[in-house]
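S.K.: What follows is a predicted structure for the sequence shown.
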Amino acid sequence: MTARITISPADYPDSPLAQALKQPLLLGLFLPIQSGGWSPSTLPRTTDWTFEYNKALTLKAEELGFDLAFGLAQWIGKDGYGGELKYREQAIDPFVTVAALSSVTKRIILISTIHILYGPWHPLHLAKFAATLDHISGGRFGINMVTGYAPREPKMFGITQIEHDARYARAAEFIGIVERLWASSENVTIDGEFWKLEEAYVSPRPKYGRPILVNATGSPAGFDYAAQHSDLVFITSPTGAEIEAALAALPDHVANLKARAKAAGREVRAIINPMIVCRPTEQEAKAYHAAILAHADTGAVQGFLAHHAAGDSQAWKNHKGEHRVLGGNIQIIGSPEQVAEKLIRLKQAGIDGVQLAFFDFKPDLDFFGEAVLPLLKQAGLRI
């Protein structure tokens with residue numbers, strides 16, 4: 001297991017990741033590939049889980065100059081999280097979605113979440129599939145490798161949940177094997193603790209050493225894994241979704257992650273997920289937010305909170321139920337100037353990029369592009 005790839009796609013000057021990292025603040029879109037998006041509210045909106053809707057969003061984001069588009073993965077039973085909405089019952093798979101998007105986009109980086117410890121995944125499968133998508137997309141494919149925190153999800157695959165830190169030990173072996181397969185020009189035989197391969201080989205070769213590797217985490221074990229293996233790390237505010245509290249806590253949180261990466265001889269970039277509620281004036285933005293909350297689907301909110309409470313996620317432990325109606329990791333509500341100011345402060349807090357979500361994705365993304373993006377360019381956060 002010593003033949004790991006230690007080089008990142010960011011080390012290739014012409015790679016899509018290296019080009020994206022020229023931006024002072026990476027800009028990503030968190031695609032709503034699940035029904036209800038991030039907000040269990042019944043306020044009317046266009047947001048839709050279908051591929052055509054998400055394709056249109058991705059193309060718009062690419063037109064606006066966004067660097068990333070990202071899809072989450074979930075395994076939820078009938079009725080989703082419940083409520084009137086049957087929140088997130090409908091959800092298209094992010095891996096398949098990203099594969100389809102790679103053929104209709106040209107520049108934007110496409111990242112798929114994959115629960116690598118569930119069901120059919122073997123390191124050889126992922127190494128082959130990811131190398132193929134890397135080839136098709138021209139090096140624009142990224143994998144958000146997660147271990148899963150909710151006990152009912154692995155049960156759907158006939159397995160029981162593995163203890164938190166032990167999951168990361170398995171994940172480390174998994175990605176170590178995958179990296180070795182990408183690096184080797186010969187057949188590979190591995191007798192690991194959890195996976196075995198005999199005379200295995202992967203082609204085509206990834207264009208820039210390997211695909212982009214991503215992790216979403218907030219625990220010490222997760223930070224150690226990310227420091228060793230990830231290019232981009234989706235972090236969670238350790239104090240919850242309230243923006244001022246998050247801004248106060250994030251500098252130390254991000255510094256901890258980056259110190260672990262530096263000790264491993266690597267560099268990682270920290271990404272966070274703001275939910276943006278923006279209107280021409282602060283008063284209008286607050287009214288929009290109030291309308292979203294007034295239409296809360298209480299049953300869906302309770303179902304979502306119960307799902308999280310049953311799991312062992314450490315990243316979301318300080319996130320309050322009152323913030324789940326709007327959703328997002330942190331929430332930014334205000335005029336274009338106020339939204340831009342908060343994004344500038346996130347950069348000052350050590351954040352390297354934002355993965356944006358909206359309540360009504362199509363019109364809200366359009367307005368962000370018209371009203372907020374020029375302010376970020378004026379502030380020097382976008383080139």
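M.R.: Great, that's in hand.
S.K.: From now on I want contacts and neighbour counts done on CA atoms only, so please keep to that.
M.R.: OK.
S.K.: in the host helix or strand of Tyr53, what counts as buried?
M.R.: Assessed by DSSP states H and E, Tyr53 sits inside helix 51-64. Applying a neighbour-count criterion of 16 or more other C-alpha atoms under 10 Å, one finds 51, 53-55, 57-62, 64 buried in helix 51-64.
S.K.: what's the closest of those residues to Leu126?
M.R.: Compare each of those with Leu126 using C-alpha to C-alpha and the shortest gap goes to Phe51, at 22.7 Å.
S.K.: Ranking helices and strands of the chain by mean pLDDT, which lands last?
M.R.: helix 298-310 (a mean of 89; mean pLDDT, DSSP states H and E).
S.K.: The helix or strand just after that one: how far from the chain's middle?
M.R.: Per DSSP H and E, helix 298-310 leads on to strand 330-334 as the next helix or strand towards the C-terminus. Between the centre of strand 330-334 and the centre of its chain there are 18 Å (C-alpha atoms, centre = their mean, to the nearest Å).
S.K.: Any buried residues in strand 330-334, and which?
M.R.: 330-334.
S.K.: first to last residue in stretch 265-285, what's the distance?
M.R.: End-to-end span of stretch 265-285 (C-alpha to C-alpha, to the nearest Å): 44 Å.
S.K.: And for stretch 304-321?
M.R.: End-to-end for stretch 304-321, by C-alpha to C-alpha: 9 Å.
S.K.: Show me where this protein has its helices.
M.R.: Counting by DSSP state H, the chain has helices at residues 16-20, 51-64, 94-101, 123-137, 152-155, 164-183, 220-229, 243-263, 282-294, 298-310, 336-348, 361-367, 373-378.
S.K.: Render the CA-only coordinates of the first one in PDB, please.
M.R.: Written as PDB, here are the backbone C-alpha positions of helix 16-20 (Å, rounded to 0.1, in the frame of the first residue of the first chain):
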ATOM      1  CA  PRO A  16      -9.500  22.200 -14.300                       C
ATOM      2  CA  LEU A  17      -8.900  22.200 -10.500                       C
ATOM      3  CA  ALA A  18      -5.700  24.300 -10.900                       C
ATOM      4  CA  GLN A  19      -7.600  26.800 -13.100                       C
ATOM      5  CA  ALA A  20     -10.500  27.000 -10.600                       C
END
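S.K.: Kindly provide the whole-number mean pLDDT of it.
M.R.: For helix 16-20, mean pLDDT rounds to 98.
S.K.: same check, this time on the longest one
M.R.: When pLDDT is averaged over helix 243-263, the result is 97.
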